[in-house]
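Enquirer: next come a sequence and a model predicted from it.
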Amino acid sequence: MQGRFHLYEGYSLCKVTFPVRIFKLLGVETLIVTNASGGLCPDFKVGDIMLIKDHINLPGFAGQHPLCGPNDERFGIRFPCMSDAYNKDLRKLALEISQELNYTNFVREGVYCMVSGPNFETIAEARMLQILGCDSVGMSTVPEVTVAKHCGLRVFGLSLITNKVSLDYSREEKVNHEEVLEISKMRAEHLQMMVNTLIARAHLLDEGINVN
Ligand SMILES: O=P(O)(O)O[C@@H]1C[C@H](O)[C@@H](CO)O1
């Protein structure tokens, strides 16, 4: 996909995740998601690439969940397990690839939290998210991943840390969308290289071939 639909644009989560169901019907087996997010983990720097280990579905807690409503059994079960939403083998492979590519000083792992947006977080909200265990925060991805896991797709996710989230009232810098775009452009080639290499190697996992 080039771009995506967002909840904050006014699309229902059913529409936001519709492409994932189309992928499933087309025979796709693995979903690779990328996004931009704000760093909450104090160790993260702007420009870091975070391999998504897990997520927090904050809109889901408030009833904004793509699987609410009648369950379509043709796609998956009513109560899907989410404890392994992000495929372990693909994450391991991505870590190996980041070493080979010499990317280790800007590749991390962490927990992504989705908020609805469209505003960036208040300081109090950011502090709450950090206490909850979120390493980064963004406005997308979780609905698509949830629907993908529901219908049995294997998921791998990358989140580019485009800004530091303000956690301190004395911090002068303000988050803005231009910065998000600028950092995304700066890291585009690295991200492409990681994703391309992962795609080239991922099928070897299925065939049980040692990828090293
Ligand atoms: O679409 P993603 O989640 O990658 O982009 C983030 C969330 C907003 O769309 C935008 C805010 O700058 O970046």
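Expert: Sure thing, it's come through.
Enquirer: anything in the lowest-mean-pLDDT helix or strand in the chain near the ligand?
Expert: When the helices and strands of the chain are compared on mean pLDDT, DSSP states H and E, helix 177-206 comes out lowest with a mean of 91. Yes. Contact of helix 177-206 with the ligand (C-beta under 6 Å from any ligand atom) involves 177, 180. (Glycine included, C-beta is placed from N, CA and C.)
Enquirer: how about that helix: buried residues?
Expert: 179-180, 183-184, 187, 190, 194-195, 197-198, 201-202, 205 (16 or more other C-beta atoms under 10 Å).
Enquirer: and if you look at stretch 57-74?
Expert: So, applying 16+ other C-beta under 10 Å, buried residues of stretch 57-74: 57-60, 64, 66-67.
Enquirer: cool, stretch 11-31 as well?
Expert: 13, 16-18, 20-21, 23-24, 30-31.
Enquirer: which of those residues sits closest to residue 175?
Expert: Using C-beta to C-beta, residue 16 comes nearest to residue 175 of the buried residues of stretch 11-31, at 22.9 Å.
Enquirer: get me the contact residues on the protein for the ligand.
Expert: So the chain meets the ligand at 4, 6, 35-36, 117, 138-140, 177, 180 (C-beta under 6 Å from any ligand atom).
Enquirer: tell me who's in contact with the residue in the chain sticking out farthest from the centre.
Expert: Here the chain reaches farthest from its C-alpha mean at residue 170, the gap being 29.5 Å by C-alpha atoms, centre = their mean. Under the criterion of C-beta atoms under 8 Å, 6 or more residues apart in numbering, the contact list for residue 170 is empty.
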